[in-house]
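[1] model the structure of this input:
(4 chains)
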There are 2 protein chains.
Amino acid sequence: MRVFSRIEENYIKGIYKLQQDMKIVTTNALAALLNTAAASVTDMLKKLRTKKIIEYKKYYGFNLNELGKREALRIIRRHRLWEYFLVEKLGMEWNKVHEVAEELEHVSSPELIKRLDEFLEYPTTDPHGDPIPAESGEITLRKQVALPNFPLKKNGMVSAVGNQSDDMLRMLDHYNINIGAQIKVLRHFGFDGSMEIKLLKQPAFNISHQIAQNIFVYDK
Amino acid sequence: MRVFSRIEENYIKGIYKLQQDMKIVTTNALAALLNTAAASVTDMLKKLRTKKIIEYKKYYGFNLNELGKREALRIIRRHRLWEYFLVEKLGMEWNKVHEVAEELEHVSSPELIKRLDEFLEYPTTDPHGDPIPAESGEITLRKQVALPNFPLKKNGMVSAVGNQSDDMLRMLDHYNINIGAQIKVLRHFGFDGSMEIKLLKQPAFNISHQIAQNIFVYDK
DNA sequence: ATTATTTTTTAGATTTATCTAAAATTTGGC
DNA sequence: GCCAAATTTTAGATAAATCTAAAAAATAAT
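    From the prediction side, this is the model:
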């Protein structure tokens, strides 16, 4: 049958996400991400270890090995293809599709995903600007940078948002900061780290450092 | 959260299916359909009874009450909309979509289903010819009849197939007996119950009683 | 460097869905 | 109408995923 249960898949996805910036993932970090008790994480780690998809040293930390990463990318591929479908074909709002995709991603028929990809005409990024892994597992990481680190007065394109909480997405929507939007940083204010930014055809306005850190852009 | 687990949903769907021709469903019948032990069915019945969606009399039988039927129709609606999508949009073969739809049907976002329906332009029957229940729960049961009971030399339209085993579907495909096909019965052979049938633009040919019983048609 | 704090793991319980085997009930044969 | 057979339910166990509380290990603080 199915190689990984949907619960195992959620753990795999979580580990993948965390190990992108932590390299070695800790039990508590994963527990917080998955909203579960640390003890539950430990239990699952043992299981994933016997399935040979993680490296795990007790009391130290863990991460996905090559097999694990490939599996994570398969899940992420499904998730992002569905997100693309939900927005581009069904017309759902890009800040509301995550939850639904979270369910659809576990439907694991390879033929389904292959045909969906074809139907969508092989998209390369999802509605949040995140790259869609190829069937082979390859993922093209365009070099993107958080807004505070982006050069002044240079045109950039919003590529992704770091924090996908509802509050955050609603606020971005309010300011018309959408994926693909052209954006420019006009000034930094050292005092509070806030900054003045400008979008095409809109007056400049100010955003806090906290928000700026969650907006990623690449060169336009 | 979610009102019914996906396992409960499968039981609900199973009961609905059986009670169409049995009215009162028995434990063994459901166990056979779901490929599970009779004891497991009994356990689940108790649970569904506390959730107030079935009538259940010990040792006698059970069926869905109004609430249960509505829930069943919601699940079937999702299943058939997805089947339609898989065939019409993704180009999958109609005899291969059942399994995948079996998974997709449990994704329960109402907005998703509403928009999917809209995207598909409100289809009324799935690729097997079965009617898709409306959002309200209404289902139009066109009066369909098994081929052996269909009048001689009258034009009918293939509306559904009773047995959706792979073997059956492959054979139907071989003979071009597709949903929607125009069909006519030329002769009955009393000896073995086989019959001669004819499809549009094809020479007449003979099918066994067993197969004929699994082909449903309605007046054209 | 020893103690205090935090993190992680273990131990033991719980919930959901399942099973087998035995007991209870109903149905069918004669 | 009673006995045998079939069906259904109960009892008790198991597996997956979770939890809380206590123990073990690692990290930080004085």
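
[2] mind listing the strands for chain A?
    A:54-57, A:61-64, A:145-146, A:155-161, A:182-188, A:195-199, A:205-207, A:215-219 (DSSP state E).

[3] tabulate these (JSON lines), appending distance to DNA strand D.
    From N, CA and C alone the C-beta is placed, and that goes for glycine too. Putting the strands of chain A into JSON lines (distance: least, CB to the nearest atom of the strand, whole Å) gives the following:
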{"stretch": "strand A:54-57", "distance to DNA strand D": "9"}
{"stretch": "strand A:61-64", "distance to DNA strand D": "9"}
{"stretch": "strand A:145-146", "distance to DNA strand D": "26"}
{"stretch": "strand A:155-161", "distance to DNA strand D": "27"}
{"stretch": "strand A:182-188", "distance to DNA strand D": "32"}
{"stretch": "strand A:195-199", "distance to DNA strand D": "32"}
{"stretch": "strand A:205-207", "distance to DNA strand D": "33"}
{"stretch": "strand A:215-219", "distance to DNA strand D": "29"}
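
[4] A:Ser208: neighbour count?
    12 (other CB atoms under 10 Å in any protein chain shown).

[5] hmm, I was thinking of A:Lys47
    Using other CB under 10 Å: A:Lys47 sits among 14 other residues.

[6] in contact with it, which residues?
    A:Glu8 (CB atoms under 8 Å, 6 or more residues apart in numbering or on different chains).

[7] the one 5 residues further on too?
    By CB under 8 Å, 6+ apart, the residues touching A:Lys52 are A:Asn65, A:Leu67.

[8] tally of neighbours for A:Glu83?
    Neighbours of A:Glu83 (other CB under 10 Å): 26.

[9] quick one on the thing from earlier: so for chain B, which of the strands of chain A sits nearest?
    strand A:155-161 (21.5 Å; CB to the nearest CB).

[10] please point out which parts of the closest one sit buried.
    A:Gly156, A:Met157, A:Val158, A:Ser159, A:Ala160, A:Val161 (16 or more other CB atoms under 10 Å in any protein chain shown).

[11] number of residues surrounding the residue nearest to the third one when sequence neighbours are not counted?
    When the adjacent residues along the chain are set aside, A:Val158 lies closest to A:Ala181, with 4.7 Å between them (CB to CB, 6 or more residues apart in numbering or on different chains). Around A:Ala181 sit 19 other residues, with neighbours defined as other CB under 10 Å.

[12] could I get the strands of chain A as TSV with distance to A:Pro131 and mean pLDDT?
    Below are the strands of chain A laid out as TSV (distance: least, CB to CB, whole Å; pLDDT from 0 to 100):
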stretch	distance to A:Pro131	mean pLDDT
strand A:54-57	24	96
strand A:61-64	18	96
strand A:145-146	15	86
strand A:155-161	9	83
strand A:182-188	19	87
strand A:195-199	23	90
strand A:205-207	25	89
strand A:215-219	11	83
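
[13] give me the phi and psi angles of the spatially most central residue of chain A.
    Centroid-nearest residue in chain A, with CA atoms, centre = their mean: A:Asp130, separated by 6.1 Å. A:Asp130 adopts backbone torsions of phi -80, psi 140, taken as degrees, to the nearest 10.

[14] for it, what are its contacts?
    A:Arg80, A:Ala160.

[15] A:Gln213: how many residues sit nearby?
    15.

[16] kindly report the same for A:Glu9.
    For A:Glu9, using other CB under 10 Å, the count is 20.

[17] from B:Thr124, how far out is it?
    35 Å (CB to CB, to the nearest Å).

[18] how long is stretch A:202-216 from one end to the other?
    Distance between the two ends of stretch A:202-216: 19 Å, counting by CA to CA, to the nearest Å.

[19] from the rest of the structure, what touches that stretch?
    A:129, A:144-148, A:158-163, A:168, A:171-172, A:175-177, A:183, A:186, A:189, A:192-198.

[20] can you select the buried ones from these in ChimeraX?
    Buried members of the contacts of stretch A:202-216, defined by 16+ other CB under 10 Å, are picked up in ChimeraX with:
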select /A:129,144,147,158,159,160,161,168,172,177,183,194,195,197
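
[21] farthest from the middle of chain A: give me that residue.
    Extreme point of chain A relative to centroid (CA atoms, centre = their mean) is A:Phe191; 30.6 Å.
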